[in-house]
Structures are given as structure tokens and as C-alpha cells.
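Asks: Got a predicted structure here, sequence first:
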Amino acid sequence: MKKNTDESIYTKTKYENSCHLTKKDIEIALEEALKKIDENLAVFTHQFPSESSINNRYVPIDNDRGWGQGFWTGILWLAYEATGDERYRKVAELQVKTFETRIEEKIGVNHHDMGFLYSLSCVSAYHLTGNEAAKKAALQAADHLVSRYREKGQFIQAWGDIDDPKAYRLIIDCLMNIPLLYWAAGVTKEDHYYQKAYHHMRTTVKNIFREDFSAYHTFYFDPETGAPVKGVTHQGHSDDSAWARGQAWGMYGVLLSYVYTKEKDLIDLYKKVTHYFLNHLPEDHVSYWDLDFMSGDEPRDSSAAAIAVCSLLEIDKWLDETDPFKKIYQNAAKEILKSLIERYSTKEDPNSNGLLLHAVYAKPENLGVDECNIWGDYFYMEALVRLLKDWDLYW
Ligand code: GLY
């Protein structure tokens, strides 16, 4: 296991100064992104972009499997909020209906990714337009998610059949799914959603971070006793490394649990997890697919960078002016976003129908390597919109 007890000092020096990223730069980046979205709206009205692209082009898929469809509907809600243009709302509303059917008929939902699917498509629809059918679908998705809660060990099982002892594990990504449960607790006043989210979060943060606050991707528990067994990777470079997107899920996920619980230790944890991420970025501030790499030819994961930026913009709301890291995080968010806009966006790539180039889905499986992926596009849009308006979380 790697150790670095000086992580926070090292980060402080790196992001002491602010880069030059103006409101105008962000507005132009948003216009470029909207242009791409407009070009693709007709193709992705009744169908959705695939999770990752092929030669930088998404292909149309149905809303019947996987975990990525919510990101495109989320992008449309962001576009609607940024512009007020009803075209985006109309398409998003058509798509919401497919989410209603999917959870009603339990199509392709034998997994934990209900938050990625339903927070961005249906919680957002309810929040922005008061759509009651979307609220109902999001609550059904929350019920489905709690059905994966395992009492022994107190966590939500990520993948596989619930009665499969070999699948008895959580994954760090799920910190982004449990906000759906916190939201469900709020709208129904039923505490059990909150309790399950809370216990899952506590089990996760206790086990998934190493001493240096790098994250395992997944963590196994003993199905008989619930005792912690071991951390292993699924999409990272090795069991001992920090898969870049996992670390970014950890940043944003820990912070979202703070937003709902207001438990102060989560702010301290956010800082430590974030320092590990920031300290392992290469020269251009956009992570390689695994934080083991800081130079060389390995592919980048621009989606991890976009997720990290959103978390850095969110933490700004919760730190007061006297916090020694407030400015550092503001500077880091801008540096990373500037790099994404200038070097990774598709603004000069007429061939691509995505927004962000150079992401990785799953390197060990050679899946979506150096391609666009739809969550990278979503978080890039979320970051741009956050900087241009007072944005309420869909999460
Ligand atoms: N949640 C799956 C991934 O980040 O690839």
C-alpha cells in the first residue's frame, strides 16, 4: 500500500494560484456543447446514446439495460435549465416515460444503479416540472434499490443476484446512488430510506478508503457474518491502485452524503479523498484512467476529471471563507475545467457526437478506451451550468 502523509501540503502548493477562465469562456463552452446536443436531439429522442462511443460516436440504444441512460436525460434537463428552451424539456419528458416503464416492468434493473438512472431523469423532472409520474417512478426505483440492502454487513449489494454469496460486495460508485434514498426519505417522510442510505454510507467510508485515502473500487463482506473481507478492483489497474473514476465517485459521493446528513466528519473525509485525487493529476490536470499513472502513454479518463470538478464546485457552498482549502478547491476546479474545455471537448471535432473526448469506461475489459462516455458528458455539462447559474442538485 502506498503511503503519503503529506498529501494535503503537496496539494496546497499546486493550486495556490488561479488560472484564467472567464465567464465568457464558460458561456462559449456551453454554447459549443449545446450545438452538439442540438445536432443529436433527433437521433436521441426515442433512443439514448450508448454508454461509451465507438470512434467518438455514440450509437442509439433503448432504455432496457445498463446504467447510462439517465445521463442523457440529465443533460437535456441541464440544457433546459440553461436556456429555457422547451425543445429539451419535450424530449426529456418523452424519455421520462421510458424510465417509468423500465422500473414498472423491472427491465434491466438487476443492479444498484438506480440513482444514476433515476436521480438525473425523474427526480430532476419532478423537481423542475412537478411531474408526479416521474416522482412515482423515482420512488419505485428507490424501493428497488433498498431491496438490495444486506443486513449482514449493512450495505447495498452492487451487482449480481441477491442470493449469490460470491456477489456479496459494495462498490464506491454506489455513493452516487444513495442520494436517491435520501431524496425518497425527504418526500415520503419514511425514515427507512434514510437509514439504509446512511448505514450503507458508513459501511462504505469505513472500509473502502485506505490509510492514505485512496479508494478501493469494490469491497467484499462475509455473507455469513457481515465481517469485512477485502478490497479488490474491477475497473482499476490493480487491487492496490486508485481507479481514477472510483476516487472521483468517492469525492462527490461523500460530499452528497454530507449535503443530506450534515455530519461534519464527512467534510474532513472529502478533503482527504480529494487531496489524494488532486495530488495524482498529471501536468494538464486531467487524470489518467488510474491514479497510479501520472505521466506516459496510458489513456486519460476525462469523465473522472469532470466528476471531480462538480464536487469541487459543490464543496465551495459548504466551506466558509476562513477555510484554508476553499481557494485551493476553487482554483483546482477552474484549472481542471479549463483543461477539459481547451483540450478534451469536442468543439473542434465535427465527427464526434459526444461532448468530451478521451475517457475510459473499463480498461481491463478494453471497453470504451479513449472514447467519449455519456457520464463524462453529463458531468461536463453539470460543471458548466453550475458556473453560470445557481443550480439545485438533481442528486
Ligand atoms: N458506475 C460504473 C462506472 O463508473 O463505470
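Replies: That came through, no problem. Numbers count the residues shown, from 1 in each chain.
Asks: how near is the closest residue to the ligand within the chain to residue 249?
Replies: Taking C-beta to the nearest ligand atom, the ligand has its nearest neighbour within the chain at residue 173, 3.9 Å off. Backbone N, C-alpha and C define where each C-beta goes, glycine included. Here residue 173 is placed at a distance of 5 Å from residue 249 (C-beta to C-beta, to the nearest Å).
Asks: picking up where we left off before, look up the pLDDT of the residue of the chain closest to the ligand for me, please.
Replies: Residue 173 carries a pLDDT value of 98.
Asks: and the protein, which residues reach the ligand?
Replies: Proximity of the chain to the ligand, by C-beta under 6 Å from any ligand atom, involves residues 173, 235, 245, 361.
Asks: which ones among these are found in strands?
Replies: Secondary structure defined by DSSP state E assigns residue 361 of the residues of the chain next to the ligand to strands.
Asks: will you turn the residues of the chain next to the ligand into a markdown table that also has neighbour count?
Replies: Conversion of these to a markdown table gives the following (neighbours: other C-beta atoms under 10 Å):
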| residue | neighbour count |
| --- | --- |
| 173 | 24 |
| 235 | 22 |
| 245 | 30 |
| 361 | 23 |
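Asks: now, among the residues of the chain next to the ligand, which is nearest to residue 37?
Replies: The shortest gap between residue 37 and any of these belongs to residue 361, at 20.9 Å (C-beta to C-beta).
Asks: Tell me if I'm right that that closest one and residue 52 touch.
Replies: Yes - taking contacts as C-beta atoms under 8 Å, residue 361 lies within contact range of residue 52: 4.4 Å.
Asks: Overlap of the contact sets of those two?
Replies: 367, 368, 371, 373 (C-beta atoms under 8 Å, 6 or more residues apart in numbering).
Asks: How many residues are close by the last one?
Replies: Right, residue 373. Neighbour count for residue 373, taken as other C-beta atoms under 10 Å: 27.
Asks: Same check on the third one?
Replies: Using other C-beta under 10 Å, residue 371 has 25 other residues around it.
Asks: for it, what are its contacts?
Replies: 52, 53, 54, 55, 56, 359, 360, 361.
Asks: Show me those that map onto strands.
Replies: Reading strands off the contacts of residue 371 with DSSP E, I get 359, 360, 361.
Asks: And the strands in the protein?
Replies: Under the criterion DSSP E, strands of the chain are mapped to 48-49, 60-61, 149-150, 155-156, 169-171, 218-221, 228-232, 359-362, 367-371.
Asks: who does the last one pair up with?
Replies: In this case it means strand 367-371. Its sheet considered, strand 367-371 pairs with strand 359-362 (antiparallel) by DSSP bridges.
Asks: can I get the CA coordinates of the partner strand in CSV?
Replies: Output in CSV follows, covering the C-alpha atoms of strand 359-362 (Å, rounded to 0.1, in the frame of the first residue of the first chain):
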residue,chain,number,x,y,z
ALA,A,359,-12.5,9.0,-21.4
VAL,A,360,-12.3,5.3,-20.4
TYR,A,361,-15.1,3.0,-19.5
ALA,A,362,-13.3,-0.1,-18.4
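Asks: now that strand, how far from the chain's geometric center?
Replies: 13 Å (C-alpha atoms, centre = their mean, to the nearest Å).
Asks: one step back: among the strands of the chain, which is the most enclosed?
Replies: strand 155-156 (a mean of 26; mean count of other C-beta atoms under 10 Å).
Asks: Which residues does that strand contact?
Replies: Among residues not part of strand 155-156, those counted as contacts by C-beta under 8 Å, 6+ apart are 112, 145-146, 148-150, 170, 174, 177-178, 196, 199-200, 203-204, 221.
Asks: next one: that strand to chain centre, how far?
Replies: Relative to its parent chain, strand 155-156 has a centroid offset of 18 Å by C-alpha atoms, centre = their mean.
Asks: and it, average pLDDT?
Replies: Mean predicted confidence for strand 155-156 is 98.
Asks: Can you list the strands that it pairs with?
Replies: For strand 155-156, the paired strands and their directions (DSSP bridges) are strand 149-150 (antiparallel).
Asks: Output the below-cut-off pLDDT ranges for this structure.
Replies: Across the chain, the ranges flagged by pLDDT under 70 are 1-7.
Asks: tell me the helices in it, going along the chain?
Replies: Taking DSSP state H as the criterion, the chain contains helices spanning 7-14, 23-40, 69-83, 86-104, 114-118, 124-129, 132-146, 179-188, 191-208, 244-261, 265-279, 302-315, 326-339, 374-388.
Asks: Quick one, which of the ones you listed gets closest to residue 225.
Replies: helix 191-208 (13.7 Å).
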